[in-house]
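Student: Just to be clear, the model below is a prediction. Sequence and coordinates:
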Amino acid sequence: MNKTAPKIAFIGAGNMSSAVIGGMLKGHFSAEQIIACAPSDKNLKPLSEQFGVHTDHDNARACAAADVVVLGVKPQMLKQVAGDIKAHLAHKPLIISLAAGIPLASLSEWLGEDLAIVRSMPNTPSLVGVGAAGLYANDNCSAEQRDIAESIQASVGIVKWLEEEALIDSIIAVSGSGPAYFFLAMEAMINEGVQQGLDRDSATELTIQTVLGAATLAQNSNVDVLELRRRVTSPGGTTAQAIAHFEEHGLRELFSGAMQACSNRAREMAKELG
């Protein structure tokens, strides 16, 4: 492996791969290190024009020349893609899988038992550089390879290493699927704002800014979110009434059940697809 400038092949050039490539180029990676692969030019052409990275339609050729192979295809496609590239991994590049629900055991079976493989679970805010990802490496990964995997994912957000692969399912429930929970809450807030008389543009702008402000305050505060909630909830006030309604109708239990359903589905996918 080239320690100073590893060659990195992205198999799949969708939104997540594009986000990671964009973040890498804002950091210490160069376009010369990166090649993106996809069956058509639909996604490749914008990557080439925007970032200046190499592109190819031939996954096998790209993998054969890579020090790091990032698997950015949909979980349902991964087994077939793995079969296509397996014979071109004899030089043992680092494999980074972005696919939800595909365990290391399956990846090793499909690609090679002796390969260094990292499972990464990023999320869609990576598209704007504020992502969150959990990483888990198999025993074949060296310290250097772990550092490379971390630096790639850290280019678009924060990274947390996991001590157990099963915790990937928890990462999916918290941060992988988490943005959708807040989008749903935002949708409900916007609609209710309109019901109460606000125009939709104003309700949307105020809701988004409120969510952004709450997250930014939590990120920059030296107290936890429980205390932040207390500070905005005056006894007998308007916020207290809203919080009481949430508690009375089981918001905590609703979140818990939804997140359990999410992680359960991740385990089901491992059985179905792996």
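Tutor: Okay, I see it.
Student: Only C-alpha atoms from now on, for both contacts and neighbour counts.
Tutor: Noted.
Student: With just CA atoms, put stretch 94-103 into PDB.
Tutor: Below are the C-alpha coordinates for stretch 94-103, written out as PDB (Å, rounded to 0.1, in the frame of the first residue of the first chain):
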ATOM      1  CA  LEU A  94      -8.400  -2.400   2.300                       C
ATOM      2  CA  ILE A  95     -12.100  -2.900   1.700                       C
ATOM      3  CA  ILE A  96     -14.500  -0.300   3.200                       C
ATOM      4  CA  SER A  97     -18.200  -1.200   2.900                       C
ATOM      5  CA  LEU A  98     -20.900   1.500   3.200                       C
ATOM      6  CA  ALA A  99     -23.800  -1.000   2.900                       C
ATOM      7  CA  ALA A 100     -26.300  -1.400   5.700                       C
ATOM      8  CA  GLY A 101     -27.200  -4.900   6.800                       C
ATOM      9  CA  ILE A 102     -24.300  -6.800   5.200                       C
ATOM     10  CA  PRO A 103     -22.100  -8.400   8.000                       C
END
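Student: Any idea how far it is from the middle of the chain?
Tutor: A distance of 11 Å separates the centroid of the chain from that of stretch 94-103, by CA atoms, centre = their mean, to the nearest Å.
Student: Next: stretch 22-34.
Tutor: With CA atoms, centre = their mean as the basis, stretch 22-34 stands 18 Å off its chain's centre.
Student: in it, what counts as buried?
Tutor: Gly22, Gly23, Met24, Leu25, Phe29, Ser30, Ala31, Gln33, Ile34 (16 or more other CA atoms under 10 Å).
Student: how about those in a markdown table, adding pLDDT, secondary structure and distance to Ser48?
Tutor: Shown next, in a markdown table, are those (pLDDT from 0 to 100; DSSP: H, G, I helix; E, B strand; the rest coil; distance: CA to CA, whole Å):
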| residue | pLDDT | secondary structure | distance to Ser48 |
| --- | --- | --- | --- |
| Gly22 | 92 | helix | 11 |
| Gly23 | 91 | helix | 15 |
| Met24 | 92 | helix | 15 |
| Leu25 | 92 | helix | 13 |
| Phe29 | 93 | coil | 16 |
| Ser30 | 95 | coil | 13 |
| Ala31 | 95 | helix | 9 |
| Gln33 | 96 | helix | 13 |
| Ile34 | 97 | strand | 10 |
